[in-house]
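**Student:** how would this look folded up:
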Amino acid sequence: MKKIFTFIALAFLAVQSFSQTCTLAPQTSCTPATETFTTAANGFSGDFVFSNQGGGRLQTSVGATSPTTKRLQTATLFLAANATSLSVTFDIGGTGSGDVTGVTLFAQTDPNPNAPLTQLCTFSGTIAGVVCFTTTNISAIQGRRFNLIFVFTVTGSTQNLITFDNFGTNASGNQ
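**Tutor:** Okay, here's the model as predicted:
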């Protein structure tokens with residue numbers, strides 16, 4: 001009986017994925033250059049929509065369904081093979097920004113949209129204002145081309161607006 005339990009426990013560990021928690025840092029410790037969103041090919045896709053109001057930003061409405069998720073995907077990026085961490089910064093605001101209660105950061109290294117995603121890190125808690133994530137869980141993307149995918153958890157009972165702007169990262173757009 002003890003052997004069976006040990007086998008089951010080991011089998012569970014083999015298929016269970018453990019995510020790394022992102023480190024949330026003040027803006028001063030995360031210094032990648034920022035850019036304003038555009039509708040050009042190097043923009044973003046997902047559940048956020050582009051708006052040219054207010055200097056260009058992505059915005060989305062939060063419905064009354066609770067909880068829900070909003071997905072945002074970057075254009076293709078590249079992280080140097082000798083990089084030791086991935087840093088990402090952005091501004092999140094709007095009347096519904098207090099309803100953002102978590103974010104999970106994934107990487108997609110396969111151009112097939114149905115390919116499995118690599119979870120880089122996750123954060124639970126309310127985020128608003130200038131946000132900076134740093135993770136060292138980058139072995140799947142070092143020296144590779146990839147897309148970052150943000151999945152925001154949003155809770156709220158009213159129709160609000162969330163904006164996402166001034167994205168920056170230490171990954172580059174070129175190999």
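
**Student:** now L72: phi and psi?
**Tutor:** With angles defined as degrees, to the nearest 10, L72 sits at phi -140, psi 130.

**Student:** T76 now?
**Tutor:** According to degrees, to the nearest 10, T76 has phi -70, psi 130.

**Student:** burial check on the nearest residue to it once chain neighbours are set aside, number of neighbours?
**Tutor:** Nearest non-adjacent residue to T76, counting by C-beta to C-beta, 6 or more residues apart in numbering: R145, 5.4 Å away. C-beta coordinates here come from the backbone N, C-alpha and C atoms, glycine included. Other residues near R145 come to 16 when the count uses other C-beta atoms under 10 Å.

**Student:** same question for the one 3 residues further on.
**Tutor:** Counted with other C-beta under 10 Å, the burial measure for L148 works out to 22 neighbours.

**Student:** the residue nearest to T76 and F78 touch, don't they?
**Tutor:** Yes. R145 lies in contact with F78 (C-beta atoms under 8 Å); the separation is 5.3 Å.

**Student:** what residues are bridge-paired with the residue sitting nearest the centre point of the chain?
**Tutor:** In the chain, the residue lying closest to the centroid (C-alpha atoms, centre = their mean) is F150, at 2.7 Å. Beta bridges link F150 to L72, L105 when assigned by DSSP bridges.

**Student:** show me what contacts it?
**Tutor:** In this structure, F150 makes contact with 46, 71-73, 103-106, judged by C-beta atoms under 8 Å, 6 or more residues apart in numbering.

**Student:** what's the separation between it and G143?
**Tutor:** F150 is 22 Å from G143, where distance means C-beta to C-beta, to the nearest Å.

**Student:** hang on, the earlier thing: the residue nearest to T76: what's it in contact with?
**Tutor:** For R145, the contact set (C-beta under 8 Å, 6+ apart) comprises 76-78, 109, 175.

**Student:** can you add pLDDT and give these back as JSON lines?
**Tutor:** Listed next are the contacts of R145 as JSON lines, based on pLDDT from 0 to 100:
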{"residue": "T76", "pLDDT": "88"}
{"residue": "L77", "pLDDT": "90"}
{"residue": "F78", "pLDDT": "91"}
{"residue": "T109", "pLDDT": "92"}
{"residue": "Q175", "pLDDT": "54"}
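
**Student:** closest one to A83 out of the contacts of F150, please.
**Tutor:** L105 (15.2 Å; C-beta to C-beta).

**Student:** surely the closest one is in contact with N147?
**Tutor:** No. Assessed by C-beta under 8 Å, L105 is found out of contact with N147, at 11.3 Å.
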